[in-house]
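K.L.:
dropping a prediction and its sequence here:
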Amino acid sequence: MPKFIYTVQDAQGNASTGILDASDEEQAVLTLQGKDLFILSIQQEAESSGVIPRSKSRTRGKISGRDMCFFSEQLATLLAGGVPLVRALSLLGEHNSNRALSYLLSNITKEVAAGGTFNKAIEKYPDVFDTIWVSLIQAGEMSGQLPGALRQISNYVNTQETLKGKIITAVAYPAVLCFMSVGVLVYFVIFIVPTFAKIFKDFNLRLPPLTQFIVFVSGLFTHYYVLLIGIVVAAFFGFKGYIKTEAGNIAWTNMKMDMPILGQLIRSMQMERLLSTMGTLIKSGVSILNTITVLERAFEDNVVIQRALKTAKNEVAAGKSISLAFKNTGVFPGLVTEMMWMGEESGKLPDIINVLSAFYQDQINQWIARFSSLIDPILVVGVGGIIGVIVLSIFLPIFKLSEIGNAN
């Protein structure tokens, strides 16, 4: 009988690895799930010489969120129409305009046609199919509702991409304006100021403090630009290395969330992402503990929320309610935990979570609207003020020159 090497996670979140005898992979999966274990990876021993974690393959090219949204919707439609999974994947791979996705689907089709499950096939491409995809597909296959799970994925991806698009649109114009403004300032400091500084020196003028400061800054940029670039590059990589540490990630996350203006947007985005993911997973039939496990992986870039989720999962596994477990972390807003409690009491937790997700989407939209209306005058005044100071610093000595000319 074939042996299967597996890695599983129990209700307390503890991972373990072992070997199981089973007639095929499906029986091995059913045996492990019958023990209330969440399967992280499973592979036949003959395919490997040792314990293998989740394998990773990279795609050839760029696959956008919109591409994945369209793919999931198309696949759901084909499956709902009675087209077998292998044939549906083959059709989408053959007729896909995105070559990278077409290549990926070709590989996935071969694995599924060879007898593998869909969720195990896509698990090998974590840069395209994240843990949310894998968990939802797995739940859809186990429940026999794969088309419904795919539509849940499509709605989720579409919502996330729409919000991302709105934010990019809101910051694109200010970013371009700032870039152009910085270019103008650099040109002034490097080319214009030194020319006038030489003229002032030839006339032996005693420069005002403001002009002295601008000339000093110009000298730094023109004579020590290599050193300045080196300092900036070193600081950048030092910062990147620091935030990769646990302490650095926590400090950086807290600082972002406490920022005066952007902090509100960042907090709303994190909560919307967590709630929309949670609602999608629960609605698709994923258990609460497995849902929180998936969320832990989804928030690997945010140690604060990830640690809170791990704490909450342990408390839920110990028998506490979801709302109380989330409340005890002290990380999640009171509105979220209170609404979760109402959802548990009424038996409509997925619906309440979706309401909360919609609330935070509205918060993000309102922030974008306010930001778009305020950023233009702020940038105009700010950049105009800086350029005005530089121009004034140049004209102050010129006024002295004119006074000397008039006196003569």
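P.N.:
Cool, the structure landed.

K.L.:
let me see the mean pLDDT of the helix or strand harbouring residue 294.
P.N.:
Assigned by DSSP states H and E, residue 294 belongs to helix 288-298. Across helix 288-298, the average pLDDT comes to 85.

K.L.:
give me the most central residue, this protein.
P.N.:
In the chain, the residue lying closest to the centroid (C-alpha atoms, centre = their mean) is residue 301, at 7.7 Å.

K.L.:
mind listing the helices for the stretch 1-150 of the chain?
P.N.:
Using DSSP state H, counting those that start in this stretch, the helices found in the stretch 1-150 of the chain span residues 25-34, 65-80, 85-94, 99-113, 118-122, 131-143, 146-187.

K.L.:
check the stretch 201-350 of the chain too.
P.N.:
For the stretch 201-350 of the chain, applying DSSP H, counting those that start in this stretch gives helices covering 209-223, 225-244, 246-257, 262-283, 288-298, 303-317, 322-329, 334-346, 349-407.

K.L.:
now those as JSON lines including mean neighbour count and distance to residue 104?
P.N.:
Just so you know, the C-beta spots here come from the backbone N, C-alpha and C atoms, and that holds for glycine as well. Below are the helices of the stretch 201-350 of the chain laid out as JSON lines (neighbours: other C-beta atoms under 10 Å; distance: least, C-beta to C-beta, whole Å):
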{"stretch": "helix 209-223", "mean neighbour count": "15", "distance to residue 104": "47"}
{"stretch": "helix 225-244", "mean neighbour count": "11", "distance to residue 104": "29"}
{"stretch": "helix 246-257", "mean neighbour count": "14", "distance to residue 104": "31"}
{"stretch": "helix 262-283", "mean neighbour count": "21", "distance to residue 104": "22"}
{"stretch": "helix 288-298", "mean neighbour count": "21", "distance to residue 104": "21"}
{"stretch": "helix 303-317", "mean neighbour count": "20", "distance to residue 104": "28"}
{"stretch": "helix 322-329", "mean neighbour count": "20", "distance to residue 104": "36"}
{"stretch": "helix 334-346", "mean neighbour count": "16", "distance to residue 104": "36"}
{"stretch": "helix 349-407", "mean neighbour count": "15", "distance to residue 104": "29"}
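
K.L.:
of those, which is nearest residue 77?
P.N.:
helix 262-283 (18.9 Å; C-beta to C-beta).

K.L.:
same for that closest one, what does it pack against?
P.N.:
With contacts taken as 3 or more C-beta pairs under 8 Å, 6 or more residues apart in numbering; DSSP states H and E, helix 262-283 sits against helix 131-143, helix 146-187, helix 246-257, helix 288-298, helix 349-407.

K.L.:
reformat those helices as TSV; add distance to residue 26.
P.N.:
Shown next, in TSV, are those (distance: least, C-beta to C-beta, whole Å):
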stretch	distance to residue 26
helix 131-143	10
helix 146-187	15
helix 246-257	39
helix 288-298	19
helix 349-407	28
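
K.L.:
select, out of the ones you listed, the one closest to residue 218.
P.N.:
helix 349-407 (9.3 Å).

K.L.:
now do that closest one against helix 322-329: the angle between them, please.
P.N.:
40 degrees (axes from the mean of the first three to the mean of the last three C-alpha atoms, to 10 degrees).

K.L.:
still on that earlier bit, rebuild the helices of the stretch 1-150 of the chain as a markdown table, extending it with mean neighbour count.
P.N.:
Shown next, in a markdown table, are those (neighbours: other C-beta atoms under 10 Å):
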| stretch | mean neighbour count |
| --- | --- |
| helix 25-34 | 16 |
| helix 65-80 | 19 |
| helix 85-94 | 18 |
| helix 99-113 | 18 |
| helix 118-122 | 22 |
| helix 131-143 | 22 |
| helix 146-187 | 16 |
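
K.L.:
using TSV, lay out the ones you listed together with distance to residue 295.
P.N.:
Shown next, in TSV, are the helices of the stretch 1-150 of the chain (distance: least, C-beta to C-beta, whole Å):
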stretch	distance to residue 295
helix 25-34	20
helix 65-80	19
helix 85-94	27
helix 99-113	25
helix 118-122	18
helix 131-143	9
helix 146-187	13
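
K.L.:
mean pLDDT for those: which is lowest?
P.N.:
Across the helices of the stretch 1-150 of the chain, the lowest-scoring stretch is helix 25-34, with a mean of 77.

K.L.:
which other helices and strands contact that helix?
P.N.:
Helices and strands touching helix 25-34, as assessed by 3+ C-beta pairs under 8 Å, 6+ apart, comprise strand 3-9, strand 15-21, strand 38-44.
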